[in-house]
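Q: here's a sequence, model it:
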Amino acid sequence: QVQLVESGGGLVQAGDSLRLSCAASGRTFSSYAMGWFRQAPGKEREFVAAISRSGGNTNYADSVKGRFTISRDNAKNTVYLQMNSLKPEDTAVYYCAAKSGGYYPFRESARYDYWGQGTQVTVSS
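A: Below is the predicted model:
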């Protein structure tokens with residue numbers, strides 16, 4: 001069992017930066033690939049970024065590539081999402097998720113085993 005708690009969301013202006021954190025409980029954090037997803041009002045949850053267990057592999061949605069960076073610190077049981085050059089269309093609730101059984105397929109939310117409660121990110125124009 002893994003419990004995930006996101007933090008770092010807030011209200012910012014377009015062009016600003018935010019760093020989301022996701023703290024995991026348990027001693028097996030490094031056994032899980034981690035992902036960030038987001039859900040905007042009236043839209044389906046979508047993949048944002050993923051990182052492998054060691055941190056050696058990362059992948060991004062095309063919409064955030066070059067602006068967002070996912071990283072993890074296994075010693076601190078924490079995964080991060082650095083978000084730069086934020087746009088109004090980035091407004092959503094952001095969720096972190098933990099996936100057992102390997103890194104692939106990292107884009108499919110149904111393949112993740114544990115989810116956090118979400119943190120709101122609002123970007124004003």
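Q: which neighbouring elements make contact with the helix or strand hosting Gly35?
A: Of the helices and strands defined by DSSP states H and E, Gly35 is found in strand 33-39. With contacts defined as 3 or more C-beta pairs under 8 Å, 6 or more residues apart in numbering; DSSP states H and E, the secondary structure elements packing on strand 33-39 are strand 18-24, strand 46-51, strand 68-73, strand 78-83, strand 92-99. To be clear about C-beta, it is placed using only N, CA and C from the backbone, and glycine gets the same treatment.
Q: parallel or antiparallel, which strands does the helix or strand following the second one pair with?
A: In the C-terminal direction, the helix or strand that comes right after strand 46-51 (DSSP H and E) is strand 58-60. In its sheet, strand 58-60 lies beside strand 46-51 (antiparallel), with partners assigned from DSSP bridges.
Q: list the buried ones in the partner strand?
A: Residues Phe47, Val48, Ala49, Ala50, Ile51 are the ones in strand 46-51 that count as buried (16 or more other C-beta atoms under 10 Å).
Q: same deal with stretch 111-125?
A: For stretch 111-125, the buried set under the neighbour-count rule, 16+ other C-beta under 10 Å, comprises Arg111, Tyr112, Tyr114, Trp115, Gly116, Gly118, Thr119, Val121, Val123.
Q: who's the residue nearest the centre of the chain bridged to?
A: Nearest to the mean C-alpha position of the chain, by C-alpha atoms, centre = their mean, lies Trp36 at 2.2 Å. Applying DSSP bridges to Trp36 yields these beta-bridge partners: Ala49, Cys96.
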